[in-house]
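Quick one, what's the 3D model for this:
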Amino acid sequence: MEKSVKSIISQRVQSIPASGIRKYFDLLNSMEGVISLGVGEPDFVTPWHISEAGIYAVEKGYTMYTSNYGLIELREEIARHLRARYGLEYDPDTEILVTSGSSEALDLAMRSILDPGQEVIIPDPSYVAYMPYTVLSEGSVVPVPTFVENDFKVKASDIEERVTERTKAMLLGYPNNPTGTVLEKTDLEEIAGVVRNRDLMVISDDIYDRLVYNGEHACLAALPGMRERTILVNGFSKAYAMTGWRIGYAAAPAYIIEAMMKVHQYGMMCAPIMGQMAAVEALQNGEEAVLKMVAEYDRRRRVIVEGLNDIGLKCFEPKGAFYAFPSIRSTGLSSDDFVEKLLIEEKVAVIPGSAFGECGEGYIRCCYAVALPDIEEALERMRRFVERHK
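The predicted structure is shown next:
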């Protein structure tokens with residue numbers, strides 16, 4: 001007698017919805033002439049000197065395993081980077097773990113600190129993978145609604161209200177995907193007060209830390225009393241245009257990194273050595289390229305935000321990452337309907353805000369890591385669409 005699918009697949013996996021992003025990519029791939037503002041990926045290729053370091057690694061026969069923790073040369077560069085930017089001191093031998101992208105680091109952090117039934121507080125809307133990481137670690141997600149009236153900033157008081165005896169941690173991702181919201185130091189200081197008073201841990205997803213357009217990124221782990229309570233996650237995908245290299249890292253107290261490494265060594269063994277050597281070059285000599293890319297993103301940001309507002313899709317100013325998050329409520333369409341109709345009628349791909357949480361309904365995510373002429377053409381197509389659907 002054959003078993004049913006439901007009896008074979010675990011309840012945890014069944015409870016996770018399919019990505020609200022990928023189904024649109026599948027449709028996108030079957031169409032010609034589409035302008036995509038959907039993929040959250042730099043349109044720049046990896047700077048050549050960084051790619052060359054990876055190529056050199058292969059040419060010289062560096063194709064073997066590294067330490068489970070990662071190349072010590074890379075961990076030392078990461079430690080120097082965090083010290084120079086944020087004044088944070090981490091021991092490269094015991095407090096830094098190199099991972100296969102920041103996504104693996106987030107997954108390892110969840111699996112290393114959560115016991116079944118423990119709660120993780122997560123702002124809504126937020127990155128689509130945060131909820132699945134929690135559920136696959138047998139934790140429970142406690143969303144904290146955020147609203148455009150406050151530029152989608154999460155408030156310390158709203159976090160405090162949701163802490164229970166089962167709360168273990170909070171997952172913060174700022175600059176935020178999908179909204180582009182940035183938390184100021186004063187915002188983080190209030191949140192840090194809740195974390196310390198309620199004896200919580202924080203997983204801080206800092207992957208967009210270099211993509212801030214007004215001022216500098218405020219690092220939660222650098223605040224008083226927070227280094228010991230924070231698992232800092234970052235990587236090379238966004239700032240260095242290295243998405244396909246799959247190199248990320250976590251920095252945290254040694255006992256946490258040791259626990260994460262135990263999971264990492266059985267599941268992944270180590271991040272690719274060629275990518276790790278390219279990442280060393282990125283940290284040593286990549287600053288000029290980062291600044292040039294950020295300046296170009298800033299130029300595109302101003303164009304797309306002004307354009308969206310001009311066509312009647314009200315959009316607050318995103319101050320980080322490379323996403324605009326305009327309201328589509330004026331059209332009377334749901335986020336899913338808007339996205340599907342826009343793709344079919346005008347061949348512009350965006351992502352429904354509902355993919356990022358309940359508070360994302362009524363919004364769409366537009367990625368501006370796209371060439372400026374394409375942004376301008378997409379805005380013109382969207383203008384036609386909005387005029388038809390007023």
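
what about residue 238, is that helix, strand or coil?
What DSSP: H, G, I helix; E, B strand; the rest coil gives for residue 238 is coil.

and it, how many residues sit next to it?
For residue 238, the count of nearby residues is 26 (other Cβ atoms under 10 Å). Where you see a C-beta, it was placed from the backbone N, CA and C, and this is true even at glycine.

Just to check, it is in contact with residue 207?
Yes - if you go by Cβ atoms under 8 Å, residue 238 and residue 207 touch, sitting 5.6 Å apart.

which residues of the stretch 51-200 of the chain fall in helices?
72-86, 101-113, 130-136, 156-161, 185-197 (DSSP state H, counting those that start in this stretch).

per-residue confidence at residue 4?
With respect to pLDDT, residue 4 scores 68.

again with residue 1
In the prediction, the pLDDT value recorded for residue 1 is 39.

pLDDT below threshold where in the chain?
1-5, 19-28 (pLDDT under 70).

hmm, back to that, with distance to residue 382 added, can I get the helices of the stretch 51-200 of the chain in TSV?
Below are those laid out as TSV (distance: least, Cβ to Cβ, whole Å):
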stretch	distance to residue 382
helix 72-86	37
helix 101-113	30
helix 130-136	28
helix 156-161	33
helix 185-197	32
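
Assign the residue nearest to residue 44 when sequence neighbours are not counted to helix, strand or coil.
Closest residue in space to residue 44, ignoring its immediate chain neighbours: residue 241 at 4.3 Å, by Cβ to Cβ, 6 or more residues apart in numbering. The three-state assignment at residue 241 reads coil, by three-state DSSP.

Next, count neighbours for residue 241.
Neighbours of residue 241 under the rule other Cβ under 10 Å: 24.

ditto for residue 336
By other Cβ under 10 Å, 17 other residues sit near residue 336.

Next up, the contacts around the residue nearest to residue 44.
By Cβ atoms under 8 Å, 6 or more residues apart in numbering, the residues touching residue 241 are 42, 44-47, 289, 293.

Give the buried subset of the residues you listed as a ChimeraX selection command.
Restricted to buried positions by 16 or more other Cβ atoms under 10 Å, the ChimeraX selection for the contacts of residue 241 reads:
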select :42,46,47,289,293
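
surely residue 108 meets residue 252?
No - between residue 108 and residue 252 there is no contact under Cβ under 8 Å: 10.4 Å.

Return the distance of residue 313 relative to residue 33.
Look at residue 313 and residue 33: by Cβ to Cβ, to the nearest Å, they are 22 Å apart.

Please say which of the two ends up with more neighbours.
residue 313 (24 against 5).

Now do the strands in this protein.
With strands called from DSSP state E, the chain shows them at 35-36, 96-99, 119-124, 140-145, 167-173, 201-205, 230-235, 248-251, 323-324, 348-349, 351-352, 364-367.

The longest one pairs with which strands, parallel or anti?
The pairing partners recorded for strand 167-173 under DSSP bridges are strand 119-124 (parallel), strand 201-205 (parallel).

could you check the angle helix 101-113 makes with it?
Per axes from the mean of the first three to the mean of the last three Cα atoms, to 10 degrees, the angle that strand 167-173 makes with helix 101-113 is 170 degrees.

Show me the contact partners of strand 167-173.
Against strand 167-173 from outside (Cβ under 8 Å, 6+ apart): 106, 113-115, 118-123, 126-127, 130, 133-134, 139, 142, 154, 159, 183, 191, 195, 198, 200-205, 207, 220.

ok, now the third one?
For strand 119-124, the external contacting residues (Cβ under 8 Å, 6+ apart) are 110, 114, 130-131, 134, 139-146, 152, 154, 159, 162-164, 166-173, 176, 200, 356-360.

how about a cut-off of 6 Å?
130, 134, 139-146, 154, 159, 162, 166-167, 169-171, 357, 359 (Cβ atoms under 6 Å, 6 or more residues apart in numbering).

Likewise for the second one?
With contact meaning Cβ under 6 Å, 6+ apart, strand 96-99 is reached by 69-70, 74-75, 78, 90, 105, 248-251, 257, 260-261, 271.

can you tell me which of these lies nearest to residue 377?
residue 248 (33.5 Å; Cβ to Cβ).

show me what contacts that closest one?
Neighbouring residues of residue 248 by Cβ under 6 Å, 6+ apart: 99, 101-102, 105, 235.

again, only using 8 Å
98-105, 207, 233-237, 271.

Give me the neighbour count for residue 324.
If you count neighbours by other Cβ under 10 Å, residue 324 ends up with 29.

separation between it and residue 337?
Residue 324 is 20 Å from residue 337, by Cβ to Cβ.

One more: residue 65?
Counting by Cβ to Cβ, the separation of residue 65 from residue 337 is 49 Å.
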